[in-house]
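Peer 1: Structure, please.
(one chain, ligands or ions: 1)
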Amino acid sequence: MSGRRVVTLTANPSLDRTLSLPGPLLEGAVVRLLGAATEPGGKGVNVARAIAAAGGDAVPVLPAAEHDPIVTALTERGLPLVTVPVSAPVRTNYTLAAPDGTTTKLNEPGVPLDADTRAALAQALRLHASGSRWVVLSGSLPPGTPAGWYAELVAVLRDTGAKIAVDTSEEPLRALLAAGASGAPDLLKPNAEELASLAGVSEADVLGDPDVALSAVGTLHERGVAEVLLTLGGDGAVLSTADGGLWSARPPRITVRSTVGAGDCSLAGYLLADLAGAQPAERLRTAVAYGAASASLPGSAVPTPAQVDGPAVRVTAGMPGSAPLSSPPDPAAGRVVR
Ligand SMILES: O=P(O)(O)OC[C@@]1(O)O[C@H](CO)[C@@H](O)[C@@H]1O
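Peer 2: Predicted coordinates for the structure are as follows:
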């Protein structure tokens, strides 16, 4: 593994159109919006944008049509993107943003990728992964894409030397874990709902019972995942490493404006800290600080480092609400790490 570059794949990118509602959403009503704004999105695109905003070296790889508006939007933001041609332009995903910070997402299915396009994306990823520190495979797969594609990509990228992070949900996530060691990424970033669905338990159990969450995370390690960054929304995040390390972090109090992209920014924060050589507790702190900063911004905006408050994040060894591990690898175990 070498370099400081992060390559992201967004197989299903989007233009994120944020519609600002004047009040709670009333189904069936005519709603006069307070405003609307569009930003380039999709999970891997957001990770790359946040890393680039911190001065990092990020290369987003994505399918895009000729004159695709997402290419214009990303080029305007100075991102050195790599595109593979597809016949239809990027989907539009809508966020209905209520004044209290509640967001309702309406995501279009996206542009199908045929076998040739998938092969070209894999080739582009391999090319750029060599010499990079991380490859991030993020978001949903467009209609018709085999659910096991991420697992295939992990296997295809393994000998490039880059570490591999995956953030996805539903069938692609289940297929990734079902593929066994060959599909296991170095870092997986589930949220509570995704972890619950993998473990066959309820989200409430994952959130309410640290033992349930721990055991679910443990099954991911058993399947070969080296690090699990479990994001818990307003409750922060947990980092678990296959060698027995376990930390949890709580975010500072913020006024939530939009949670869209907060998980992507958490992942970006984690990677930025890793690139800077940070230890696990610090990587977790930066992840949670980036997620909180993102949630305090409107729409799918990504924070700049000046908007990220690392010292305000409280990091402790162990799970929230449980005793710390009996033999923690971190000398700071059991204390607040500030
Ligand atoms: O439909 P997917 O691929 O699951 O998610 C896409 C999306 O909701 O994720 C990002 C936020 O994480 C947004 O930029 C984008 O609209």
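
Peer 1: which bits of the stretch 101-250 of the chain sit near the ligand?
Peer 2: Those residues of the stretch 101-250 of the chain that sit near the ligand, judged by CB under 6 Å from any ligand atom, are 105, 107, 139-140. In this view, the C-beta of every residue, glycine as well, is placed from N, C-alpha and C.

Peer 1: among those residues, which ones are buried?
Peer 2: 107, 139-140 (16 or more other CB atoms under 10 Å).

Peer 1: Take these and lay them out in a markdown table including secondary structure, pLDDT and distance to Pro13.
Peer 2: Formatted as a markdown table, those follow (DSSP: H, G, I helix; E, B strand; the rest coil; pLDDT from 0 to 100; distance: CB to CB, whole Å):
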| residue | secondary structure | pLDDT | distance to Pro13 |
| --- | --- | --- | --- |
| Asn107 | strand | 98 | 11 |
| Gly139 | coil | 98 | 8 |
| Ser140 | coil | 98 | 10 |
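
Peer 1: Okay, now the unreliable bits of the chain?
Peer 2: Along the chain, the model assigns pLDDT under 70 to residues 1-2, 321-338.

Peer 1: Show me what the residue in it that the ligand sits nearest to is bridged to.
Peer 2: When distances are taken as CB to the nearest ligand atom, the chain approaches the ligand most closely through Gly41, which lies 2.7 Å from it. With DSSP bridges as the criterion, Gly41 is bridged to Ser14.

Peer 1: what's the answer for Val59, then?
Peer 2: When bridges are taken as DSSP bridges, the partners of Val59 come out as Val7.

Peer 1: residues in contact with it?
Peer 2: Val59 sits next to 5-8, 48, 79-82, 128, 132 when contact means CB atoms under 8 Å, 6 or more residues apart in numbering.

Peer 1: Please enumerate the helices of the stretch 151-300 of the chain.
Peer 2: Counting by DSSP state H, counting those that start in this stretch, the stretch 151-300 of the chain has helices at residues 170-178, 192-199, 203-208, 210-222, 262-275, 280-295.

Peer 1: residues in contact with Ser300?
Peer 2: By CB under 8 Å, 6+ apart, Ser300 lies in contact with 16, 18, 39, 41, 46, 95, 258, 260-261.

Peer 1: Could you do Pro305 as well?
Peer 2: Taking CB under 8 Å, 6+ apart, we find Pro305 in contact with 53-55.

Peer 1: ok, now with 7 Å
Peer 2: Pro305 makes contact with Ala54, according to CB atoms under 7 Å, 6 or more residues apart in numbering.

Peer 1: how about Glu39, secondary structure?
Peer 2: Three-state secondary structure (criterion: DSSP: H, G, I helix; E, B strand; the rest coil) places Glu39 in strand.

Peer 1: any idea how far Thr255 lies from Thr75?
Peer 2: 32 Å (CB to CB, to the nearest Å).

Peer 1: One more: Ala147?
Peer 2: As it turns out, when the distance is counted by CB to CB, Ala147 lies 32 Å from Thr75.
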